[in-house]
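Trainee: give me a model of this one.
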Amino acid sequence: MASVSPLGNGIINDTYLVSLTAAPERFVLQRVNTEVFQHPALVMANIEVLARHVQARQTADPTAAPWIVPELVPARSAPQPWVEVEGQTWRLLTYIDNTRCFDTVTSPAQAREVGRALGTFHALISDLPVSALADTLEGFHITPGYLAQFDAVLAAGSPPTEAPTLEALRFVEERRGSMAVLEEAKAAGHLVERPIHGDPKVNNVLMDRGGTQAVALIDLDTVKPGLVHYDIGDALRSGCNPLGEEPPDLTAVCFDLDLARAMLEGYLGAARGFLTPADLEHLFAAIRLLPLELGLRFLTDHLAGDHYFKTSYPGQNLHRARVQFQLTRSIEDQEQGIRAIIQALT
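Mentor: Numbering: from 1, shown residues only. The predicted model follows:
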């Protein structure tokens, strides 16, 4: 017998905790959103490649910091580690016990550990060839592509008239020219693709029960080739906004410089060895771009009818977009301070 209960608050897949009465092990059961992940076989293959690579690195260096990668549990009734039931894709993953996650960062010490977690993850996979990973989400984190989708959705619908939507549209228009900054640097050869997590927000970092040491990054569906800057920017977007992604008071949203300093210190302490001078030069651009990009995605989904991100009330994606835009504005207002932190740490 087993009990199954909802787990986490993800807005893409449906996730459940499976507890067995006859065994101490627990597992994570997920229904994969195949509208988002249209090639689940490639997603599973990437997770397996990642797990094997990290295990090999840890075997070769027993002194490395402890790190756990969730593993796919083989399916009894299928040749692959997932099953198809009535057109739905289900999988089982190992559950990492004696851990907890947080939706927001509450102290510089915690921020430093979240940064160290991402840096450790990047360092462990920095020598994994990008050719070993499939691009499971083509266009993911390619901001000019999201801008093109936004333009198409806006052109296909009725002109918005609500003041909050019009304000959000103006915000995007004023920043249109800066959205290709990282892709232009990649095209010019200044930045190169590496394996990335793709979605390293705070609640995807598992901490030990005491909340003092990170032991894993979960939600590995978005592991793929990309720019590490997308991960760095997304981690700071999530970790340096103490109010979280959906606070009711937009005016209170602020990018916290103390948390940013601690998070970058933790990240660079673990990842500095493989970063190039050009990587470091583009850190501020990444920090500014990622909340702008996510806000653009939320706004596009709102205009398109809420097909991508789960919502529980009308206008939720618009509110999410406005939170990210307010965070972007806070980052822009503090550019000098953020650049000073980066310079001091690099």
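Trainee: what sits closest to the spatially most central residue of the chain if chain neighbours are left out?
Mentor: The C-alpha lying nearest the average C-alpha coordinate of the chain belongs to residue 199 (Cα atoms, centre = their mean; 1.4 Å). In this structure, residue 199 finds its nearest non-sequential neighbour in residue 222, 4.6 Å apart by Cβ to Cβ, 6 or more residues apart in numbering. From N, CA and C alone the C-beta is placed, and that goes for glycine too.
Trainee: likewise for residue 142?
Mentor: Nearest one to residue 142, counting by Cβ to Cβ, 6+ apart, is residue 183 at 6.3 Å.
Trainee: for the one helix or strand that neighbour maps to, output the C-alpha coordinates as PDB.
Mentor: Per DSSP states H and E, residue 183 falls inside helix 181-187. This file holds the C-alpha atoms of helix 181-187, laid out as PDB (Å, rounded to 0.1, in the frame of the first residue of the first chain):
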ATOM      1  CA  VAL A 181      22.300  41.500 -25.100                       C
ATOM      2  CA  LEU A 182      23.300  37.900 -24.100                       C
ATOM      3  CA  GLU A 183      22.400  36.400 -27.500                       C
ATOM      4  CA  GLU A 184      24.400  39.000 -29.300                       C
ATOM      5  CA  ALA A 185      27.400  38.300 -27.000                       C
ATOM      6  CA  LYS A 186      27.100  34.600 -27.800                       C
ATOM      7  CA  ALA A 187      26.800  35.300 -31.600                       C
END
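Trainee: isn't residue 124 up against residue 56?
Mentor: No: applying Cβ atoms under 8 Å as the test, residue 124 and residue 56 come out as separate, 9.9 Å apart.
Trainee: neighbour count for the two, which is higher?
Mentor: residue 124 (24 against 12; other Cβ atoms under 10 Å).
Trainee: which ones are touching the more buried one?
Mentor: Shown in contact with residue 124 (Cβ atoms under 8 Å, 6 or more residues apart in numbering): 53-54, 57-58, 64, 67.
Trainee: what does residue 162 give?
Mentor: Per Cβ under 8 Å, 6+ apart, neighbours of residue 162: none.
Trainee: ok, it to residue 294 distance?
Mentor: 21 Å (Cβ to Cβ, to the nearest Å).
Trainee: again with residue 201
Mentor: Taking Cβ to Cβ, one finds residue 201 at 10 Å from residue 294.
Trainee: farthest pair in the contacts of residue 124?
Mentor: Spatial extent of the contacts of residue 124 (Cβ to Cβ) is set by the pair 53 and 64 at 12.9 Å.
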